[in-house]
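Peer 1: I would like to see how this sequence folds:
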Amino acid sequence: MRILFLGDIVGKSGRDIVSSLLYDLRKDYQADLVIVNAENAAHGKGITYKIYKQLLNEGIDYITMGNHTFSKAEIFDHIDDMDRLVVPYNHSKRTTDNYYKLISYKGMKICLTNILGSVLMPESESDPYTAFKTVLEKTGQLEPDFYFVDLHAETTAEKRLFLEYFKDEAKVVLGTHTHVQTADEAIIHECAFITDVGMCGAYCSIIGRDIEESIKAGIEKEKTIYKIASGTGILCGVVIEIDDKRKTPVNIQRLQIRPE
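Peer 2: Residues are numbered from 1 along each chain as shown. Sure, this is the predicted structure:
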């Protein structure tokens, strides 16, 4: 089994590059399952129902989120119908039980879940360790072969600590949120791990945000309106290969496609 996971989709540039490359990526890497983080898909913060449907129509199987999950108010009107959306268990605004999905494929049961880190993450109502322990307690009766965790967190240490602490339960731990792809992908304790998958968004940007607006807001301290960068995108992701018999990851490959 092969799983293609794409990092945080940021705005229209991110959606466009995923749309243009996904068919070929799925074919070239023979991906059985495609998962994306799309918590920045709608103008850089949150997701709309329209964009959710568009992403599924592009061939995406499941969508994970992050701290900006509920930035667009309309999500509360549609979230019960968004059955392929996985929101962070420990998000302070979570009102539904769609914090996990049990994926059955080729005789394998994978529990996909989404957890927020606690460092520099005010939307998190608990630390990721306590949160995931609770997820294990609530979903253990499903008897998944392993857990696939999108760990939406700020710091590298918090992500690696999570891996070490839950190495027997979580066999895929992928970091998201920083939008900067790290070069530490590895199989550790039979777990596929990377500190941060990176983003799918405008290449010439400040992690997807407009450069000039970022300078005015961050350095010159002007009051600005948050603006997403436009232009050609970069695509970041990983491909994970899972041994169908042993039901454990055996390889993780990092992907990064930059504009020419």
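
Peer 1: Now residue 25. Nearest residue, chain neighbours left out?
Peer 2: Nearest non-adjacent residue to residue 25, counting by Cβ to Cβ, 6 or more residues apart in numbering: residue 4, 6.2 Å away. For the C-beta atoms, the positions are set from N, CA and C on the backbone; glycine is no exception.

Peer 1: can you tell me which residues contact that neighbour?
Peer 2: 25, 26, 29, 31, 33, 34, 35, 237, 238, 239 (Cβ atoms under 8 Å, 6 or more residues apart in numbering).

Peer 1: Please identify the helix or strand for the second one.
Peer 2: In the assignment (DSSP states H and E), residue 26 maps to helix 11-28.

Peer 1: Packing partners of that helix?
Peer 2: strand 2-6, strand 8-9, strand 33-37, helix 49-57, strand 199-202, strand 233-243, strand 248-257 (3 or more Cβ pairs under 8 Å, 6 or more residues apart in numbering; DSSP states H and E).

Peer 1: thinking again about what came up before, in the sheet, who's paired with the residue nearest to residue 25?
Peer 2: Beta-bridge pairing of residue 4 under DSSP bridges involves residue 34, residue 239.

Peer 1: what's the spacing between it and residue 24?
Peer 2: Using Cβ to Cβ, to the nearest Å, residue 4 is found at 11 Å from residue 24.

Peer 1: just to revisit the earlier point, between the helices and strands packed on helix 11-28, which one is nearest to residue 20?
Peer 2: strand 233-243 (8.7 Å; Cβ to Cβ).

Peer 1: can you pull out the helices in the stretch 151-260 of the chain?
Peer 2: 156-165, 211-218 (DSSP state H, counting those that start in this stretch).

Peer 1: Could you list the buried residues of the shortest one?
Peer 2: If I follow you right, that is helix 211-218. Applying a neighbour-count criterion of 16 or more other Cβ atoms under 10 Å, one finds 213, 214, 217 buried in helix 211-218.

Peer 1: That helix - what's its average pLDDT?
Peer 2: The average of the pLDDT scores along helix 211-218 is 97.

Peer 1: what number of residues lie near residue 85?
Peer 2: 24 (other Cβ atoms under 10 Å).

Peer 1: and if you look at residue 196?
Peer 2: 24.

Peer 1: Same check on the one 3 residues further on?
Peer 2: By the measure other Cβ under 10 Å, the count of residues near residue 199 is 31.

Peer 1: Now it: closest residue in space that isn't a chain neighbour?
Peer 2: residue 179 (3.8 Å).

Peer 1: List the residues that contact that neighbour.
Peer 2: Contacts of residue 179 by Cβ under 8 Å, 6+ apart are 7, 8, 10, 196, 198, 199, 201, 207, 208.
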